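Undergrad: after the sequence you'll find the predicted model.
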Number of protein chains: 2
Amino acid sequence: VANETLSDVGEFGLIARIAGTVTPGSEIIGIGDDAAVFEGPRDTYLLATVDMHLQDVHFRLADMPARDIGATALAVNISDIAAMGGAPHHALISLALPPRLPVAVIDELYLGMLGMADRFGVSIVGGNITSTPGPLAIDITLLGDVPRDQLLLRRGARPGDLLAVTGALGGRAAIRLARDAGIPDAPAIPVPLPQVEIARIIAESHLATAMMDISGGLASDVHHVARASRAGIVIRESELPIAPEATQFAQALGTTATKLALTGGEEYELLLTLPPENVERANHLLSPRALWVIGVVVDQSEGMTLIQRDGTRSPLEAAGWRHF
Amino acid sequence: VANETLSDVGEFGLIARIAGTVTPGSEIIGIGDDAAVFEGPRDTYLLATVDMHLQDVHFRLADMPARDIGATALAVNISDIAAMGGAPHHALISLALPPRLPVAVIDELYLGMLGMADRFGVSIVGGNITSTPGPLAIDITLLGDVPRDQLLLRRGARPGDLLAVTGALGGRAAIRLARDAGIPDAPAIPVPLPQVEIARIIAESHLATAMMDISGGLASDVHHVARASRAGIVIRESELPIAPEATQFAQALGTTATKLALTGGEEYELLLTLPPENVERANHLLSPRALWVIGVVVDQSEGMTLIQRDGTRSPLEAAGWRHF
């Protein structure tokens, strides 16, 4: 396999290779959760996450105003911090810029990042700019903190817990795909809003056993929770909250709204597990919002299952966005 | 200026624009130093720095073994933390990878980063991988810490302080340029070693008033210290420690060894200022190494001056590597 390329191994294969080679250190949690966790000031953990957003891979300048692209790039990182129960505070931004990119576009990118930063109390405190012969790249490192007893990881789900999400799924993916397909009444692609407040309420209340954000698509992300928790998961299709746009565009896209909800993770809603007796209290605290209970955590030996509307049980595949 | 591009504004112009737009926050030090500074656990500050290394901009796969490229990328960030008196501890690595890049190259990149990480006690704890239609990009975020009373910034230089560097300059730039020019006996490009131990000794001893690493080239970087400290600086050409390779290749490169030493910052030696009475103590602590005193800090009104070997005084231009 000396000539193996990234296309052969795939992103997850590569992450597994890398995770196998990294040195153990003083960090609390290593590679695998949404953010890395370190000892912070007083009774806090410091959270750190990094994401690279590439032109023509993660965004296209023609698809969204530059301001929305900047806002979205930061929103994704804010969601990573929120998904562990944390509050984001400082961002470092690395930009690789094509020399012919108009400065007006860069200004708009920054204004978008600054707007999103302001909204969630994040300060942009540093970074790095370089020119590139390749696509525009926005690499954002975000730091945050969480009281130690409120940290939420992917690994805490226990058989008997319920599986819940915080909002409707598949809408943003449907819109993006509809625009790609040239469907005329497709609206503008919205900027996702990270669920920081909901995540903080859930973390503070100690009601959840595991949490992450839905970035790769629900079907894919439940596998992360299951694997980290050494558990199985059953999802009921009939309980999935489906975004109106997924319903609106599914037929024109040659797919189903359910499939869009299972694979489109771009809303950055939260996925969490909690004991059944905690659901009422959680909904009280989150009111007027509420959790959507979509399934249950089972023993690992039972594997991953989707119960379809007609009652048929099928294996739940880890379908989601693939970068390679 | 609606059609201004990055090429028109330049990297520093852009950083100035951005620094003017960022929100003030709880950080101790904002944009401008080698790393951002935050409140850390107990009596420490947390330091955070990020750098993007791009294929065909910052490195070429043909110029160095992939392992050395990985090691160099991390070394640059370690140097940023060291230059503020800090000890590096955790790294997050964002990779944008061309799909056809052999996995063997990626493995070598990681082995290089891991080797450098091990050497300086850094744990690689997270990151992010994506494919790119453009060049290979390695974006490294590095966290470190420093006892609060040992933090060193660019802004502390005072008139009367001496200006010193920790090692010979211009060698790595000379080698790289010699290889570019096809000069046959040009050696392999060395991996720079960040001066972590020297920087810690200087920080612990409280002997210096300002410090940074020489990454953009001495002539350029002294301007950063001068501007941050609202001071002027005089450098004596006769005191510059010139690397043997700069002397060896200068003529073939159509330049002078002094010019290579003034503009080639790739060794990541330290640049510091300290009161004259502290030099002897510093050299005692650093033994068998020693500081090279190359100039003096003067009043801001005196500006930036280079005293040439023949005694001629000329303005010291901020010549260095330009990305745009």
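TA: Structure received. Numbers count the residues shown, from 1 in each chain, chains lettered A, B, ... in the order given.

Undergrad: and after the helix or strand of chain A with the lowest mean pLDDT, which helix or strand comes next?
TA: Of all the helices and strands that make up chain A, helix A:6-21 has the lowest average by mean pLDDT, DSSP states H and E, namely a mean of 58. Moving toward the C-terminus from helix A:6-21, the next helix or strand (DSSP states H and E) is strand A:36-39.

Undergrad: tell me what that following strand is packed against?
TA: strand A:44-54, strand B:87-97, strand B:123-131 (3 or more Cβ pairs under 8 Å, 6 or more residues apart in numbering or on different chains; DSSP states H and E). To be clear about C-beta, it is placed using only N, CA and C from the backbone, and glycine gets the same treatment.

Undergrad: try it again with 6 Å
TA: strand A:44-54 (3 or more Cβ pairs under 6 Å, 6 or more residues apart in numbering or on different chains; DSSP states H and E).

Undergrad: the strand it packs on pairs with which strands?
TA: Next to strand A:44-54 in the sheet, as set by DSSP bridges, lie strand A:36-39 (antiparallel), strand A:137-147 (antiparallel).

Undergrad: which residues touch the residue positioned nearest the centre of chain A?
TA: Note on chain A: the residue nearest the mean C-alpha position is A:Ser215, at 2.8 Å, using Cα atoms, centre = their mean. By Cβ atoms under 6 Å, 6 or more residues apart in numbering or on different chains, the contact set of A:Ser215 is A:Gly265.

Undergrad: mind checking which helix or strand it is in?
TA: Using DSSP H and E, no helix or strand contains A:Ser215.

Undergrad: mind checking pLDDT for it?
TA: At A:Ser215, the pLDDT value in this model is 90.

Undergrad: now the helix or strand where A:Glu197 lies against strand A:87-97, angle please.
TA: Assigned by DSSP H and E, A:Glu197 falls within helix A:196-205. Calculated by axes from the mean of the first three to the mean of the last three Cα atoms, to 10 degrees, helix A:196-205 forms an angle of 140 degrees with strand A:87-97.

Undergrad: using PDB, write out every CA atom in helix A:196-205.
TA: What follows is helix A:196-205, C-alpha atoms only, in PDB (Å, rounded to 0.1, in the frame of the first residue of the first chain):
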ATOM      1  CA  VAL A 196     -25.100  28.100  22.700                       C
ATOM      2  CA  GLU A 197     -27.900  29.100  25.100                       C
ATOM      3  CA  ILE A 198     -29.700  25.700  24.900                       C
ATOM      4  CA  ALA A 199     -26.400  23.900  25.300                       C
ATOM      5  CA  ARG A 200     -25.500  26.000  28.400                       C
ATOM      6  CA  ILE A 201     -28.900  25.300  29.900                       C
ATOM      7  CA  ILE A 202     -28.500  21.600  29.300                       C
ATOM      8  CA  ALA A 203     -25.000  21.600  30.700                       C
ATOM      9  CA  GLU A 204     -25.800  23.700  33.800                       C
ATOM     10  CA  SER A 205     -28.800  21.500  34.600                       C
END
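
Undergrad: burial measure for A:Gln55, as a count.
TA: Using other Cβ atoms under 10 Å in any protein chain shown, the number of residues around A:Gln55 comes to 21.

Undergrad: my bad, should have said A:Ala188
TA: Using other Cβ under 10 Å, A:Ala188 has 11 neighbouring residues.

Undergrad: contacting residues for it?
TA: Neighbour list for A:Ala188: empty [criterion: Cβ under 6 Å, 6+ apart].

Undergrad: so it: helix, strand or coil?
TA: At A:Ala188, secondary structure determined by DSSP: H, G, I helix; E, B strand; the rest coil is coil.
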